[in-house]
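1. okay, here's the prediction I keep looking at, along with the sequence it came from:
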Protein chains: 2
Amino acid sequence: MGDVTLTVCTTCRRADVDPDATRPGSILLEALKETGVPEGVNIRGVECLSACKRGCSMVLSGGDKRWTYVYGDLDPNEHVDDILAGAAAYAATEDGLVPWRERPVIFRKQSIARIPPVDAPSQE
Amino acid sequence: MGDVTLTVCTTCRRADVDPDATRPGSILLEALKETGVPEGVNIRGVECLSACKRGCSMVLSGGDKRWTYVYGDLDPNEHVDDILAGAAAYAATEDGLVPWRERPVIFRKQSIARIPPVDAPSQE
């Protein structure tokens, strides 16, 4: 059940940070890599997720069978361990749907959007 | 260059609408289908995109080679033609990147997030 990708915006700012300093998004990406991503999870940077009002932001995705999640308001000083735990739980599922109580609080409260698997039937 | 999917949240509300009436998201989905989706575009409903503060919301996606876009603040009374034109322009690309000036204004201004293609290299 590999093939999970964590995509971190490297240009994201945060309201509380000097705009001329290294971008918090770039710091977040490095901190995640240094702490160590879970098995089965690939990590990459992207220059903009177009979620600039909710920086730092990232996407958790994993093939055609999983839901995709976009998260925001992330803090490289506070959330690294929770992000990695949440990514591991996501990678351990087949559909990306981690039981609510097993999700880190930041994943419950800081979701920007979620996208159904490509083959999910229409719900009307 | 088919395989494009327009995923519309059917439970989305809007601030200006009676909460007990048919959900604007459901009305939007029906209006798009009735007006007619462009060739190569599939349309489906989903019960929640978790973008509830920005309803109506929808996702435009199209296989492993295209960027995915999430849009919000959509109005079934105002935006149906623009959404369909934007979806057609997106479907006509290989990577989902429609030149800025050719995007409907609602796509330029009401993007909630965008997600790079799964194989896009890391940008750090």
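-> Thanks, I have the structure now. Numbers count the residues shown, from 1 in each chain, chains lettered A, B, ... in the order given.
2. the residue nearest to A:S122 when sequence neighbours are not counted: how many residues sit nearby?
-> Excluding its sequence neighbours, the residue lying closest to A:S122 (CB to CB, 6 or more residues apart in numbering or on different chains) is B:R44, at 3.6 Å. In short, each C-beta sits where N, CA and C put it, glycine included. Neighbour count of B:R44, defined by other CB atoms under 10 Å in any protein chain shown: 19.
3. the helix or strand where B:R44 lies pairs with which strands, and in what direction?
-> Using DSSP states H and E, B:R44 sits in strand B:41-46. Strand pairing for strand B:41-46, determined by DSSP bridges: strand B:4-9 (parallel).
4. continuing past the partner strand, what's the next helix or strand?
-> Past strand B:4-9, the next helix or strand by DSSP H and E is helix B:24-35.
5. who does that next one touch, helix- and strand-wise?
-> In terms of contacts (3 or more CB pairs under 8 Å, 6 or more residues apart in numbering or on different chains; DSSP states H and E), helix B:24-35 is packed against strand B:4-9, strand B:41-46, helix B:80-91.
6. which residues are contacting it?
-> A:124, B:6, B:8-14, B:17, B:43, B:45, B:55-58, B:74-76, B:79-81, B:83-84 (CB atoms under 8 Å, 6 or more residues apart in numbering or on different chains).
7. next, the buried residues of that helix.
-> Neighbour-count burial for helix B:24-35, counted by 16 or more other CB atoms under 10 Å in any protein chain shown, picks out B:P24, B:G25, B:S26, B:I27, B:L28, B:L29, B:E30, B:A31, B:L32.
8. what parts of chain A come near chain B?
-> A:5, A:7, A:10, A:26, A:29, A:43-51, A:57, A:59, A:61, A:68-70, A:111-116, A:118, A:120-124 (CB under 8 Å from any CB of the partner chain).
9. give me the buried subset of those residues.
-> A:5, A:7, A:10, A:26, A:29, A:43-46, A:48-51, A:57, A:59, A:61, A:68-70, A:111-116, A:118, A:120, A:123.
10. what lies in contact with stretch A:96-112?
-> For stretch A:96-112, the external contacting residues (CB under 8 Å, 6+ apart) are A:51, A:54, A:57, A:60, A:62, A:65-74, A:79, A:82-83, A:85-86, A:89-90, A:117, B:50-51, B:70, B:112-113.
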